[in-house]
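Asks: need a structure here:
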Amino acid sequence: MYSFESRIRYSEVDLEGKLTWVKLLDYFQDSSVFQSESLHVGVDLLAKRKRAWVLNAWQICLNRMPRLYEQVRIVTRPYEIKGFFGSRNFILESLDGECLAYANSIWTFIDTERNLPTKVTPEFDVYEFDERIEMNYCARKLQVPEEMTECETIPVTRHLIDTNGHVNNGRYVELAMELLPEDCNVMEVRAEYKKQAREGDTFFPKIAREEDKYTVVMADAKGGIYATMQFLYQS
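Replies: As a prediction, the model looks like this:
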C-alpha cells in the first residue's frame, strides 16, 4: 500500500466547489506514479528500459466528492501482476477514514520500441501486494451500443499528451464528460482503452444514452476505437 495526503485546491473544483471527476482520476494516477518513484522503478527507469505501464481499464465508484480545502488521503493498493498485466485498487478517503471514492484498474506492461505487451521482468516486479478491496467488479471489456449519435470531431493537441507520448487516460474521460448534460450526476466511471492516440490524430466521438448510463466512444475516422467510457448516473 502507498498513500499521500493532500488538500482540495481551488484549481481542482467545479462550479459547486467540489472536486471534479478528472482531478479525482489525476489523484489516483499520481498515487501509482508516486509509489513507483518511491520504489525507484518510475518514469525515468521505464523510459531507459523502453518500457511503460499503460492503463487498460478503469472502474471508479463515488460515494461523495470532497469540497474545496478539505483534507484527503489518496491510497493505492497493487494486488496482482500476472504476465504483462498488473492490477491495483485506489481509495480516496478523508483523514478520519471516510471512504469518498474507490476504484479498480488494470494495466498493461508495454515494450515501447515494439509497441507490444511484454512480460513484467523481475526489475519491475517490486510491489508488495494487498488483498483487493471489496467492490462490485465489472467486466474489463465494455459493451458498445449499436446505435450512437456522432459528435463534433476533436483534434488531439499537445496538452493532452503525457510522458509516454500518447493521450493520457484522464484526458479521454475529461473530453468525454464534456459531451454529457451539465446536470448529469455521475456516480461511477468505467473506461476501456484499446489503442493509443498521439498528437495530430483526430477523435470522432459518439455517444448513446441508456436507462442508467451514457456510453461515449472515442474513435478514429475508420471507426477504430481508441477508448470506450461509460458514465453511470443517478437521476
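
Asks: For the rest of this, base every contact and every neighbour count on C-alpha atoms.
Replies: OK.

Asks: Kindly export the longest helix belonging to the chain (C-alpha atoms) in CSV.
Replies: Ranked by residue count, the top helix of the chain under DSSP state H comes out as helix 21-38. Coordinates of each C-alpha in helix 21-38 appear next as CSV, following Å, rounded to 0.1, in the frame of the first residue of the first chain:
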residue,chain,number,x,y,z
TRP,A,21,-14.0,13.7,-11.8
VAL,A,22,-11.0,14.5,-13.9
LYS,A,23,-9.0,15.6,-10.9
LEU,A,24,-10.1,12.5,-9.0
LEU,A,25,-8.6,10.4,-11.7
ASP,A,26,-5.4,12.5,-11.6
TYR,A,27,-5.1,11.9,-7.9
PHE,A,28,-5.4,8.1,-8.4
GLN,A,29,-3.0,8.1,-11.3
ASP,A,30,-0.5,10.3,-9.4
SER,A,31,-0.5,7.9,-6.4
SER,A,32,0.5,5.0,-8.6
VAL,A,33,3.3,7.1,-10.2
PHE,A,34,4.4,8.2,-6.7
GLN,A,35,4.6,4.7,-5.5
SER,A,36,6.7,3.6,-8.5
GLU,A,37,9.0,6.6,-8.0
SER,A,38,9.4,5.7,-4.3
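
Asks: Could you pull out the helices in this protein for me?
Replies: 21-38, 43-48, 169-177.

Asks: out of the ones you listed, deepest packed?
Replies: Mean neighbour count (mean count of other Cα atoms under 10 Å) peaks for helix 169-177 among the helices of the chain, with a mean of 20.

Asks: that older thread, save the helices of the chain as TSV, and put in distance to K222 and mean pLDDT too.
Replies: As requested, those are exported to TSV (distance: least, Cα to Cα, whole Å; pLDDT from 0 to 100):
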stretch	distance to K222	mean pLDDT
helix 21-38	28	97
helix 43-48	31	96
helix 169-177	19	96
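
Asks: possible to save the ones you listed as JSON lines with distance to Q230?
Replies: Shown next, in JSON lines, are the helices of the chain (distance: least, Cα to Cα, whole Å):
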{"stretch": "helix 21-38", "distance to Q230": "13"}
{"stretch": "helix 43-48", "distance to Q230": "29"}
{"stretch": "helix 169-177", "distance to Q230": "9"}
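
Asks: With respect to D212, which of those helices lies nearest?
Replies: helix 169-177 (15.4 Å; Cα to Cα).

Asks: Convert that closest one to CSV, retaining C-alpha atoms only.
Replies: Written as CSV, here are the backbone C-alpha positions of helix 169-177 (Å, rounded to 0.1, in the frame of the first residue of the first chain):
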residue,chain,number,x,y,z
ASN,A,169,-6.0,8.2,-19.8
GLY,A,170,-7.6,11.0,-17.7
ARG,A,171,-7.9,13.3,-20.7
TYR,A,172,-10.1,10.8,-22.5
VAL,A,173,-12.5,11.0,-19.6
GLU,A,174,-12.2,14.8,-19.5
LEU,A,175,-13.2,15.1,-23.2
ALA,A,176,-16.0,12.5,-22.9
MET,A,177,-17.6,14.3,-19.9
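
Asks: and that helix, what does it pack onto?
Replies: If you count contacts as 3 or more Cα pairs under 8 Å, 6 or more residues apart in numbering; DSSP states H and E, helix 169-177 packs onto helix 21-38, strand 213-219, strand 225-234.

Asks: Save those as TSV, and put in distance to I60 too.
Replies: Output for the helices and strands packed on helix 169-177, formatted as TSV (distance: least, Cα to Cα, whole Å):
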stretch	distance to I60
helix 21-38	8
strand 213-219	14
strand 225-234	10
